[in-house]
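> task: produce atomic coordinates for the following.
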Amino acid sequence: AGGSVLFNADNTNAMVAENEFLDSIATNGGALAFLSSNTGANIMNNRIDGNEAESGGGLYFHLLNTGYTITDDVFTNNNANDCGAIQSYSSSGEVRDTSFRNNSAVIAGGAACFESVNNIVVNNATFYGNTQTGATVDALGGGALYYKDCLDTLTIDNSLFVSNEAMMRGSAVYSKESYTIHSSNNEFTSNSAVNLGGTLFWHYTPQAGGVRDLPNILSVSDVFDGNAAPYGTELATQGMAVHSFNTSEFLFVSDFKSNPPMQISLLDYYNSSVTGTFGGSPIEMTFNAVPSDDWAYCVTGENGQTSSGQVSGQSTITSTQAGMLPTFTAMKLTCMPGNNMSVVFSYVAATYADVSISGIEMADITTHYSTRMHILRAAFRECVAGEYYFNHECHVCPAGTYSFALNPVDYKLTVCEDAPPNVNETGTSGNSFSVNPGFWRISNQTDVPLKCPFGDTACAGGPNVLDGACNALYEGNVYAFRLLILIIMYLLV
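Prediction:
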């Protein structure tokens, strides 16, 4: 450890000032390594350039009792598998007035990693062109900074992040399993996350009984300009909420097939749709649709028994193309007309850790993220006049039959009436009723054809009533008055 200098148990309160550490190689800390028994370290006015290590290409801090300060230093062109310029493990510290340029790491933290620490302060620092380069399944992210398993706050003030890149998530900062990021008066410009989300990315894996339920990124007076990511170009998290891009409540006909298609997405905390690639392939996410009894019940049996309704045709979908919403194109919902049902859309699995819930019960997910499921409430219209009920559906009465009655609640109307005599069968269907010439009806709701008192030349027949059924010369007030008298006489007989 320590390619140029190793500070071990014999060194306390180490001061390293006004030096150059160039092109050194080590396992931990390409230039300098500070190990467990040191009580602290002050690093000032140093140039640390071109060093390499497995962890911490420039500096490596491990279990420093009173922490460290880094002031007015320049870190350039250092690289490591983890943590391009600095690895700080279980060692709190401050980084002030320091520049990080063109450092790189494969797994995480192109410029620096802070892991299992209490407090880290970054003030008036510049991060330019640092990169996290790995895109395999074990790569994490953080083009400039990686903050993991920390119990308190990462404070970043008055700093500049320009043209940093993460092949995975968090082009400037990636926080994993940590508490608070307090970011204020910083500028984030032209940073890019290539495969996943966020300039600032906060990730937490829910666990039963856990306390860090929601992301805690406090961004105050920060400026974001020209940053890029598959989703969440400013702030982003892992997937937290299943969401439908259709309206949350529909009015369905009895046996409904998705039209328009039901679009489902997994949203992060900031309502961005989670998307991207992982391990060189688009993220695959699977969603299920199942009936629920949280909103009334369906009457699904001929004898009136209740259930939660039925989902058929397409109850599971998997998205396989980055940037495309998973879409239920052939989902069918079945419920008795006039009843209600609910459908729960839930996220099941994915191919990368930001949304994976492998090994976690769904009850734990709903405890931490109550919106992990999306509920669609569907109202099924009643059958109307001109329809009959059969096999959970409302059907229009076919030609030659009719119905003027609304279906009763128990849906016993399972057939339509045949057209009576003196009715044109081809013009009769649904609730449309067409009488032959020479006949007329009192109203649209009567199915009794009456013989025209003035003969076939007066009554045209067809679906109309009263004046609409009259031929020319038999219309108008006089004829209407005479017809009214005849109707009264007819009713009195």
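> isn't T76 up against G57?
No. With contact defined as CB atoms under 8 Å, T76 does not reach G57; the gap is 10.6 Å. C-beta here means a position set from N, CA and C on the backbone, and glycine is covered the same way.
> neighbour count winner among these two?
Using other CB atoms under 10 Å, the more surrounded residue of T76 and G57 is G57, with 37 against 20.
> need the contact list for that one.
Applying CB atoms under 8 Å, 6 or more residues apart in numbering to G57 gives the contacts G30, N51, N78, N79, A80, C83, G84, A85, N103, A105.
> check N288 too.
N288 sits next to S315, T316, F345, S346, V348 when contact means CB under 8 Å, 6+ apart.
> PyMOL command to pick out the buried ones of the residues you listed?
Buried residues within these, by 16 or more other CB atoms under 10 Å, are selected in PyMOL with:
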select buried, resi 315+345+346
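> want to throw the contacts of N288 into TSV with secondary structure?
Shown next, in TSV, are those (DSSP: H, G, I helix; E, B strand; the rest coil):
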residue	secondary structure
S315	coil
T316	strand
F345	strand
S346	strand
V348	strand
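> hmm, back to that, would you reformat the contacts of G57 as JSON lines and include neighbour count?
Formatted as JSON lines, the contacts of G57 follow (neighbours: other CB atoms under 10 Å):
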{"residue": "G30", "neighbour count": "32"}
{"residue": "N51", "neighbour count": "30"}
{"residue": "N78", "neighbour count": "33"}
{"residue": "N79", "neighbour count": "22"}
{"residue": "A80", "neighbour count": "32"}
{"residue": "C83", "neighbour count": "36"}
{"residue": "G84", "neighbour count": "38"}
{"residue": "A85", "neighbour count": "37"}
{"residue": "N103", "neighbour count": "31"}
{"residue": "A105", "neighbour count": "34"}
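> pull the helix or strand with minimum mean pLDDT from this structure.
helix 362-368 (a mean of 31; mean pLDDT, DSSP states H and E).
> what's the closest non-adjacent residue to N102?
G129 (4.7 Å; CB to CB, 6 or more residues apart in numbering).
> neighbours around D97, how many?
Quick note: D97 (other CB under 10 Å) scores 15 neighbours.
> please apply the same query to Q445.
12.
> same question, S163
18.
> from what I can see it touches Y128, true?
Yes. Taking CB under 8 Å as the definition, S163 is a contact partner of Y128 at 6.1 Å.
> now the end-to-end length of stretch 224-238.
20 Å (CA to CA, to the nearest Å).
> what residues sit buried inside it?
Applying 16+ other CB under 10 Å to stretch 224-238 flags F224, N227, A229, P230, Y231, G232, T233, E234, L235, A236, T237, Q238 as buried.
> show me those that map onto helices.
Counting by DSSP state H, none of the members of these fall within helices.
> now what about stretch 111-122, what contacts it?
56, 75, 82-96, 100, 103, 105, 127, 130, 142-157, 159, 164.
> filter those residues down to the buried ones and hand me the PyMOL line.
Buried residues among those (16+ other CB under 10 Å), as a PyMOL selection:
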select buried, resi 56+75+82+83+84+85+86+87+88+89+90+91+92+93+94+95+96+100+103+105+127+130+142+143+144+145+146+147+148+150+153+154+155+156+157+159+164
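> so which of the contacts of stretch 111-122 belong to strands?
75, 82, 86-89, 93-96, 100, 105, 127, 145-148, 153-157 (DSSP state E).
> among the buried residues of stretch 224-238, which has the minimum pLDDT value?
Lowest in pLDDT among the buried residues of stretch 224-238 is Q238, which has 78.
> so that one touches Y270, yeah?
No. Between Q238 and Y270 there is no contact under CB under 8 Å: 11.3 Å.
> re the thing from before, reformat the contacts of G57 as JSON lines; add distance to N65 and pLDDT.
As requested, those are exported to JSON lines (distance: CB to CB, whole Å; pLDDT from 0 to 100):
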{"residue": "G30", "distance to N65": "24", "pLDDT": "90"}
{"residue": "N51", "distance to N65": "25", "pLDDT": "95"}
{"residue": "N78", "distance to N65": "26", "pLDDT": "97"}
{"residue": "N79", "distance to N65": "29", "pLDDT": "96"}
{"residue": "A80", "distance to N65": "25", "pLDDT": "96"}
{"residue": "C83", "distance to N65": "21", "pLDDT": "95"}
{"residue": "G84", "distance to N65": "26", "pLDDT": "95"}
{"residue": "A85", "distance to N65": "23", "pLDDT": "96"}
{"residue": "N103", "distance to N65": "27", "pLDDT": "98"}
{"residue": "A105", "distance to N65": "26", "pLDDT": "97"}
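> among those, which are in helices?
Short answer: the contacts of G57 have none in helices (DSSP H).
> ok, back up a step: how many residues are close by the residue nearest to N102?
There are 20 residues near G129, going by other CB under 10 Å.
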